[in-house]
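# Below: sequence and its predicted model.
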Amino acid sequence: MDETLRNIGENLDRLCTVTVRPQGTGQAVIRHLYDAAREKLRDPLTMLAAQRLLGVLRPGEAVMIATGAGIEDFLPAGETDGPLGAAAMAWALANGAGAIPVFVTEAEYVENVAATALAAGLGRRDFDAARRVPGTCVVLPFPADDTAEPVARQYVDRYQPQAIIAIEKLGPNAVGVAHTATGLPTGKSRARAEAIFDLAASCDILTVGIGDNGNEIGCGTVIDAVRKYKEHGAVCRCPCGQGIATRVATDVLVLAGTSNWGGYGVAAALAASLGRPELLHSADVERFMLQECVRTGAADGSSGRHTLSVDGTPGIVQTSMLEMMRAVITIGLQPPRKRPF
Ligand SMILES: [Zn+2]
């Protein structure tokens with residue numbers, strides 16, 4: 001890995017792993033999970049994800065992005081964490097690598113993910129039109145029942161994704177039960193996206209996971225650390241008793257204080273790698289995405305309220321994180337200069 005990009009990646013990782021949580025919700029967990037991931041993957045995680053993605057994506061080919069976390073009563077159209085990070089990466093990959101983003105999410109969240117992607121500046125088409133029209137994406141429902149495996153096969157055959165990304169997408173534990181971060185089983189509407197990742201692993205498609213608790217697809221890469229450090233990681237609050245740590249691993253895992261920030265970190269790393277800082281979305285777009293995500297039903301995952309916030313932090317924190325990342329890549333890419341004083 002190029003030394004400049006490595007340094008930028010280290011700083012993007014530091015930014016996106018900042019933890020802003022109340023007492024008792026695991027303020028130190030992400031630091032431990034991050035250390036475990038670095039031990040395994042060596043390189044800065046955001047930059048590693050970007051480099052691996054750019055290594056396999058070709059113009060006109062699909063990149064599949066799974067997102068969507070909710071629970072029927074409290075988050076019936078999903079939450080504000082996930083869709084924005086997914087859309088930010090999709091924008092950078094579409095405009096930087098010519099990839100066609102194919103989002104998969106719960107049928108109930110399709111409108112929400114599509115509205116967020118549109119707010120990012122992406123058009124929405126069917127796949128054939130998306131191949132002809134630059135800067136467009138596809139948004140598909142993914143099943144929550146036993147048809148997940150055949151549909152995963154159908155999607156992979158049809159769209160031939162070169163890489164598959166999960167961001168804030170809950171995955172099952174070793175006995176097949178997926179849990180919320182508080183140790184309770186997820187609702188019946190959870191799209192069983194692990195079927196896509198299991199298939200990708202069996203046919204050697206690059207996979208990237210982004211998570212902020214340890215129960216998200218990708219965190220199986222550091223399952224021992226999740227079981228050790230995350231409350232309910234090894235013992236959940238449901239009859240399965242096997243903990244919230246997911247079994248689903250990915251080739252690259254990005255950890256973040258809020259999953260969206262991990263997505264922005266990967267987008268920033270993509271922008272830096274391509275020498276095009278403008279590929280990281282603007283603060284205006286960030287605000288618009290959050291408004292559209294909430295307007296179409298998403299709620300803050302920490303409160304269940306339909307407010308302009310993500311995981312308990314207000315919109316200004318999201319744009320501040322974004323601007324810090326932008327400074328890291330734009331200034332970090334500038335050539336060396338001597339001060340005249
Ligand atoms: Zn359980």
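Right, received. Where do you want to start?

# alpha carbons only for contacts and neighbour counts from here, please
OK.

# Which per-residue confidence value corresponds to the residue of the chain most remote from its centre?
Computed with Cα atoms, centre = their mean, the residue of the chain farthest from its C-alpha average is residue 341, at 44.1 Å. On pLDDT, residue 341 comes in at 94.

# Can you list the neighbours in contact with stretch 186-193?
Stretch 186-193 is touched from outside by 66, 69-72, 105-106, 142-145, 148, 152, 169, 171, 178-180, with contacts defined as Cα atoms under 8 Å, 6 or more residues apart in numbering.

# Stretch 110-122 now?
Stretch 110-122 has contacts (Cα under 8 Å, 6+ apart) with 77-78, 83-84, 87-88, 91, 103, 105, 123-124, 135-137, 139-141, 281, 285-286, 288-290, 292-293, 296-298.

# again with stretch 40-51
Contacts to stretch 40-51, defined as Cα under 8 Å, 6+ apart, come from residues 5-6, 8-10, 12-13, 37-38, 208, 252-255, 262, 265-267, 269-270, 273.

# Same check on stretch 4-15?
Applying Cα under 8 Å, 6+ apart, the set of residues contacting stretch 4-15 is 43-48, 256, 262, 265, 268-269, 272-273, 321, 324-325, 328-329, 332-333.

# run the last query once more with 10 Å
Contact partners of stretch 4-15, identified using Cα atoms under 10 Å, 6 or more residues apart in numbering, comprise 1-3, 17, 31, 34, 43-51, 254-257, 261-262, 264-266, 268-269, 272-273, 321-322, 324-326, 328-333.

# Of the residues you listed, which count as buried by neighbour count?
In terms of neighbour count (16 or more other Cα atoms under 10 Å), the buried residues within these are 17, 31, 34, 43-51, 254-257, 261-262, 264-266, 268-269, 272-273, 321-322, 325-326, 328-330, 332-333.

# Can you flag which of these belong to helices?
31, 34, 45-51, 261-262, 264-266, 268-269, 272-273, 321-322, 325-326, 328-330, 332 (DSSP state H).

# Name all residues that make contact with residue 21.
So residue 21 contacts 27, 28, 257, 258, 302, 311, 312, 313 (Cα under 10 Å, 6+ apart).

# do you know how far the residue nearest to the fifth one when sequence neighbours are not counted is from the ion?
Counting by Cα to Cα, 6 or more residues apart in numbering, residue 302 lies nearest to residue 311, which is 4.9 Å off, once chain neighbours are set aside. Noted for residue 311: a distance of 23 Å to the ion, by Cα to the ion, to the nearest Å.

# burial measure for residue 311, as a count.
When neighbours are counted by other Cα atoms under 10 Å, residue 311 registers 20.

# And for residue 181?
Residues within reach of residue 181, counting by other Cα under 10 Å, total 22.

# and it, what is it in contact with?
Residue 181 neighbours (Cα under 10 Å, 6+ apart): 25, 170, 212-216, 230-233, 236, 244-245.

# what secondary structure does residue 65 sit in?
Put simply, residue 65 is strand when judged by DSSP: H, G, I helix; E, B strand; the rest coil.

# Pull the number of nearby residues for it.
Using other Cα under 10 Å, residue 65 has 26 other residues around it.

# I'd like to know how far it sits from residue 238.
From residue 65 over to residue 238 the distance is 29 Å, taken as Cα to Cα, to the nearest Å.

# ok, now residue 119?
According to Cα to Cα, residue 119 stands 38 Å off from residue 238.

# Look at those two and report which has more neighbours.
Shown here are residue 119 and residue 238; by other Cα under 10 Å, residue 119 has more neighbours (22 against 14).

# element containing the more buried one?
Residue 119 is part of helix 110-120, with elements assigned from DSSP states H and E.

# packing partners for the next helix or strand after that helix?
Next along the chain after helix 110-120, taking DSSP H and E as the criterion, comes strand 123-124. Counting contacts by 3 or more Cα pairs under 10 Å, 6 or more residues apart in numbering; DSSP states H and E, strand 123-124 is packed against helix 110-120, strand 136-141.

# what's in contact with strand 123-124?
Outside strand 123-124, the residues that touch it by Cα under 10 Å, 6+ apart are 101-102, 114-115, 117-118, 130, 133-139.

# Spell out which residues of the protein are next to the ion.
Proximity of the chain to the ion, by Cα under 5 Å from the ion, involves residues 236, 238, 240, 241.

# and the third one, what does it touch?
For residue 240, the set of contacting residues under the criterion of Cα under 10 Å, 6+ apart consists of 173, 175, 176, 177, 185.

# Those, buried ones only, as a ChimeraX selection?
A single ChimeraX command suffices to select whichever of the contacts of residue 240 are buried according to 16+ other Cα under 10 Å:
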select :173,177,185
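
# With distance to residue 307 and pLDDT as added columns, please give the contacts of residue 240 in JSON lines.
Converted to JSON lines, the contacts of residue 240 look like this (distance: Cα to Cα, whole Å; pLDDT from 0 to 100):
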{"residue": "173", "distance to residue 307": "31", "pLDDT": "97"}
{"residue": "175", "distance to residue 307": "35", "pLDDT": "97"}
{"residue": "176", "distance to residue 307": "33", "pLDDT": "96"}
{"residue": "177", "distance to residue 307": "30", "pLDDT": "96"}
{"residue": "185", "distance to residue 307": "25", "pLDDT": "94"}
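
# which pair in the contacts of residue 240 spans the largest distance?
Using Cα to Cα, the two most remote members of the contacts of residue 240 are 175 and 185, lying 12.1 Å apart.
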